Each structure stands twice: as structure tokens, then as C-alpha cells.
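1. Test case, fold it:
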Amino acid sequence: MFEHFREPLVPQRLFYGRMLRHTLGAVGLVACTLWVGMAGYHWFEGLPWVDAYVHAAMLLGGMGPVAELHTTAGKLFAGSYALFSGIVFLVVAGIFFAPVVHRAMHRFHLDDNASTS
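-> I've put the predicted structure just below:
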């Protein structure tokens, strides 16, 4: 996927294309995760789609729940979705920053095998 450390650094145009692909992938993952949250709040808690969007977006953004949940299924879903959202946040950060970190490491010629001391 990325060039080997012995290969030359890719031109900026290719790097920007790589960043665009990673950004689109991260946005797609967030959109899918948001849809899962909306569907869960709509089906388990019986919320209208707009309210389900608010609840899912707030949990996905790390802000926490908006209002009190009334069903056991809704509460179990909210807890599971909160844990899932935390993992998705870390994955999205990794997807988004991977090309930047790789380019920085490539530029400074860092390698896993170079730090053998």
C-alpha cells in the first residue's frame, strides 16, 4: 500500500491522492457507524429518525447521551454503541493519520529494524 523505506518518497500529487482516499474511507466508516446508531435508536428505543440521529451523533462524537432512555433494549444498545463508537474513533484516527505518519517516517528514514539498540 505504501512505498518501502528504500524507495523514493512519492510526489506530493500522489500523496494528496492517498490522503483523499484515506479521508473518504474514514468519512465512509463514520457514516456507516452513524447509520448503525440511528437504526439502533430508531428500532430499539422507538425514536423518530431525527432524534435517533442526534443520539447517535452525540455518542459517536464522544459527547454522551442526550436524553433518558426508557427501554432495556435501548439502554443495552446505547452502552454497546458507546463502546463501539470509541473503537471506531481510534480506527478512524488511524486511517486518517496513517499516510501522514508514514510520510514523516519515510522522510526521516525511520525503520522498525533501525532501532535495534
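2. Around His106, how many other residues sit close by?
-> 19 (other CB atoms under 10 Å). Heads up, the C-betas are built off the backbone N, CA and C, glycines and all.
3. Isn't it up against Arg6?
-> No: the criterion here is CB atoms under 8 Å, and His106 misses it with Arg6 at 9.9 Å.
4. helices and strands around the longest helix seen in the chain, which ones?
-> Longest helix of the chain, by residue count under DSSP state H: helix 72-107. In terms of contacts (3 or more CB pairs under 8 Å, 6 or more residues apart in numbering; DSSP states H and E), helix 72-107 is packed against helix 12-45, helix 49-60.
5. The shortest one vs helix 72-107, what angle?
-> When you say that, I think you mean helix 49-60. In terms of direction (axes from the mean of the first three to the mean of the last three CA atoms, to 10 degrees), helix 49-60 departs from helix 72-107 by 50 degrees.
6. ok, Ala56 touching Gly40?
-> Yes: with contact defined as CB under 8 Å, Ala56 and Gly40 form a contacting pair (7.5 Å).
7. buried set for stretch 17-29?
-> Buried residues in stretch 17-29, defined by neighbour count with 16 or more other CB atoms under 10 Å: 18-19, 22, 26.
8. element containing Leu47?
-> Counting by DSSP states H and E, there is no helix or strand that carries Leu47.
9. Can you give me the distance of the residue lying closest to it once chain neighbours are set aside to Ala93?
-> Distances taken as CB to CB, 6 or more residues apart in numbering place Tyr41 nearest to Leu47, at 4.9 Å, with adjacent residues excluded. Distance of Tyr41 to Ala93, computed by CB to CB, to the nearest Å: 24 Å.
10. And stretch 31-51, how far out from the chain middle?
-> Centre-to-centre, stretch 31-51 and its host chain are 18 Å apart (CA atoms, centre = their mean, to the nearest Å).
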